[in-house]
Structure formats: C-alpha cells, structure tokens
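Peer 1: How does the following fold in three dimensions:
(one chain, ligands or ions: 1)
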Amino acid sequence: MNERRAKRKLKQKLTDCFHAAGIYLDYKSDKGGKYKQFIYPKIHDIDATERRLRFVFTLPNGFDPVEVTKKKHVFRQFFGSNTEVDGDDVKTFVVRVYAQGLLKSFNWRYADINPVLDGKEVPIYCGKDAAGYHVAYDMTDYHHLLIAGETGSGKSTQVRSVLTSLIRHMSPDRLHMYLADIKRSEFHVFRHVEHVRELCTDATHLRAVLTDLDVEIGRRGALLEKYGAANVTDLAAPAPPFILVCVDEVALLKDEKAITDILEKISSQGRALGMFLILSMQRPDAKVLDGKLKVNLTVRMGFRSADRINSRIIGTPGSEKLNASDSGRMLMKLEEINEVQSPWLDVDDARTMLDPYRVAPPPPQPTVEAAEKEKPVPPQETPKFGVLNVDDEE
Ligand SMILES: Nc1ncnc2c1ncn2[C@@H]1O[C@H](COP(=O)(O)OP(=O)(O)OP(=O)(O)O)[C@@H](O)[C@H]1O
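Peer 2: Here you go, the predicted model:
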C-alpha cells in the first residue's frame, strides 16, 4: 500500500474512533431537521513508523476537551492497549500508538546507548520510550533538568545513570562536574573521577564552590562580550569546558539563600555560558521551585510522586498515577510529556565502570603541626578551576 493511501486509511480509522466516542459537533443541515452534519476534530499530522503511530488533532471550537479525556478507552478499543492520548487542556491532542509498550526494565549498557549520544555536545541519556526507541537529548538545546520522585521510585538510579553516561561519553577536558550530595548517600561512586572537580557533602563547601562558579559566570560573560559571541560554543578553540552542577536533594538547601541565588543565576545565564544544572528532589518544594528556577528547569523527569499536587509542581501531571511496581518509570517533559523507562544501573556496576576514569586521590592534608614546621611558601596566582582566565585571553 502506498504511503498516501495508508495515511488516508488511518485518518478514516481515527475519524471512526471520534464518531464512536462522540467527539464531534453536529447540526441539522436541512430545514426539516432530517439530516445531521458532523464536525470532527481536525487531524493535522499522521506519523507512522514500524514501531509507533502518532496523530495530532485539534478539537472544533466549542467542544469540551474533558470529553476526550473521558473517552480514552475508545481510542484503546480502536488502536490497541498501547495507546496514549495526551492533550493541552484547550484543544490540541496527541494520540500515540506503540507496537510493543514500555519495557518493565532494561540494563544500562554503554555499547547500546553510545550511538544515540553521538553528535550531541552534552548528551543526557533518559531511557526507552514505549516504541522501544532510546530517548536522549542535548543539554546545549534543552539546558537545565529537574529529576523528582518519591523515595524508591528510581530517581537516584537515574541520576547515577545520567552522570555515568556523561562521564563515559565526554572527555574530562570538555566536561567539568561539580556535584553536591548533602545526604552523603549517592555520589560516593563519583569520588576521584577525573571529570568531577568538586564533590560537596555539606552546605559550607557547596557555598564556596558556587561562589567560585559565580566568578566563572562573570569571566565567561566577559569573554562573550569581548568577542561579540552569543554562546561559548561559538568561541574560537580552545572553547571553555562545559560545566555541570548537579545537586542531589536540593530541597535540603532551601534556606541557604546564597546557594539558591547562585543556582538561580546559573539557571538563567548558564545556557549561553555552557553551564548547566541537574537538580534532584524527593518531594518538589514550592519554595525551591519558585521564581526563576521553576521557569528555567525546562526539562522534567517526574518519577512516581506522592499526589496530584506534587506531580503538578514537578511539571509532569499524571506521575502520581505511575505504578509503585514499575520502578524506574517516569513521565518526561521535553517538548511533550512522554512515559519513559529509565535504565537500571546498579551502584557496584557504576563504580566498576567508573574505575578507569579515576585519578589518584590527592595526598592527605598535612596536620597543623606539620604545616607549621614547613617554611611558608608565598601564595601562587593560579586560576580558579583551571578552566579559563580572562587575562590569559588578552
Ligand atoms: N531503572 C530501573 N529499573 C529497574 N529497577 C529500578 C530502576 N530504578 C530503580 N529501580 C529499583 O528501585 C529501587 C529504588 O531505586 P532508587 O534508589 O533509585 O530510588 P529513589 O527514588 O532514589 O529512592 P531514595 O530517594 O530512597 O534513594 C532500586 O533498588 C531498584 O530495585
């Protein structure tokens, strides 16, 4: 069957589905009122691949979108149980029909995901969608990420997998990571990995690191101004490395204004400067996700959440309905909201995989007595973070 004919058939099937579901407006077309005319939703786009079928339609003005949500079962009766219907609460809806449905679980394997990371500057590997396709995106396109979900939903595994994928894929010269784990439970596997410039386990350390990064924001901003560039990626080589700040359980820091102010600043200015955020939290905290952060954390991964209010704050309405038995399942908001299964990556496997990237741990700090015996050495002028120094560029 040629493509046009196949699309015409699919369009007819969707129209039949609209009719069966009562998704139309009708009016009498003759004076006697014998003949009815139907106005169905307008079908804009039909995209059919081997594994997935996708329709976009808009409702006629005057039709209540709630009626579509109520009639999702009719779409499943017509197209099969792997059918999803999502709408914007006004008039645009997307219907997706998947050939296989979401996997229950699958293992993180670099060899499998490597091809989808290729060609992306700062790739974020997310998981597999219901059609079995790998889902990944580039932070230089979509910027800052929020990962949220209640305890046991798979959030920590996802943060581990995202960071491990980045380390495997990017050279330590191109990506500098600044990690904060105030709970001290997650990031020990990343200790001494070459990409990881700082690993903070308390607010004082994180505040100092972010204060230095604030200086880096100023330096990079000055560089862009000097060369009339819109983005650090437009600068002539050697471009400064990308900087990723990842804070686990950021809600624990909600009263640390100096910290949240700089995180906000990175969220609003970091895009052009090659500085990105990944923030994770168990319970979305309206105080943390207020103002600029809320607007600038454009990508959301919503694992199972406690209730509707939480899932709305995360920005993935419906994540409260994810099954407790489906660990690692999330609703992911990139441009649309899609259900995605994240990969399983065990802590021990991650540790083993990261071993080749570890540099020797720094020598222990001398004791106070030993330091006092040493002759004082005049302080050296070393650039912070070793990333770039505006003066060197003169
Ligand atoms: N992607 C996945 N695939 C299969 N199972 C998973 C996946 N992610 C998590 N799990 C299962 O769920 C358990 C809890 O995962 P994880 O520790 O990531 O949850 P969490 O939301 O971070 O919880 P907490 O906040 O308590 O750390 C894991 O031990 C594992 O059994």
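
Peer 1: Can you pull the residues of the stretch 1-150 of the chain lying near the ligand?
Peer 2: Residues of the stretch 1-150 of the chain found near the ligand, taking C-beta under 6 Å from any ligand atom as the criterion, are 105, 149. All C-beta atoms are positioned from the backbone trio N, CA, C, and that covers glycine.

Peer 1: At which residues are the helices of the stretch 1-150 of the chain located?
Peer 2: Secondary structure of the stretch 1-150 of the chain, counting by DSSP state H, counting those that start in this stretch: helices at 3-21, 65-70, 72-79, 110-117, 139-142.

Peer 1: Can I get those in JSON lines including mean pLDDT, mean neighbour count and distance to residue 162?
Peer 2: JSON lines is the format used below for the helices of the stretch 1-150 of the chain (pLDDT from 0 to 100; neighbours: other C-beta atoms under 10 Å; distance: least, C-beta to C-beta, whole Å):
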{"stretch": "helix 3-21", "mean pLDDT": "92", "mean neighbour count": "14", "distance to residue 162": "36"}
{"stretch": "helix 65-70", "mean pLDDT": "92", "mean neighbour count": "14", "distance to residue 162": "32"}
{"stretch": "helix 72-79", "mean pLDDT": "92", "mean neighbour count": "17", "distance to residue 162": "31"}
{"stretch": "helix 110-117", "mean pLDDT": "93", "mean neighbour count": "14", "distance to residue 162": "11"}
{"stretch": "helix 139-142", "mean pLDDT": "94", "mean neighbour count": "17", "distance to residue 162": "10"}
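
Peer 1: what sits up against stretch 58-65?
Peer 2: Applying C-beta atoms under 8 Å, 6 or more residues apart in numbering, the contact partners of stretch 58-65 are 23-25, 39-42, 44, 68, 87, 89-93.

Peer 1: Just give me the closest of those to residue 139.
Peer 2: The nearest member of the contacts of stretch 58-65 to residue 139, counting by C-beta to C-beta, is residue 92 at 27.4 Å.

Peer 1: tell me which residues form a beta bridge with that closest one?
Peer 2: residue 58 (DSSP bridges).

Peer 1: residues near it, how many?
Peer 2: By other C-beta atoms under 10 Å, 16 other residues sit near residue 92.

Peer 1: when you give positions from now on, start the count at 378
Peer 2: Fine by me, first position is 378 from now on; the one you just mentioned is residue 469.

Peer 1: Could I get the contacting residues of it?
Peer 2: Residues in contact with residue 469 (C-beta under 8 Å, 6+ apart) are 433-435.

Peer 1: and the gap between it and the ligand?
Peer 2: Between residue 469 and the ligand the computed distance is 31 Å (C-beta to the nearest ligand atom, to the nearest Å).

Peer 1: go on, residue 732?
Peer 2: Applying C-beta to the nearest ligand atom, the value for residue 732 to the ligand is 21 Å.

Peer 1: where does the stretch 628-771 of the chain come near the ligand, residue by residue?
Peer 2: Going by C-beta under 6 Å from any ligand atom, the residues of the stretch 628-771 of the chain near the ligand are 659, 704-705, 719-721.
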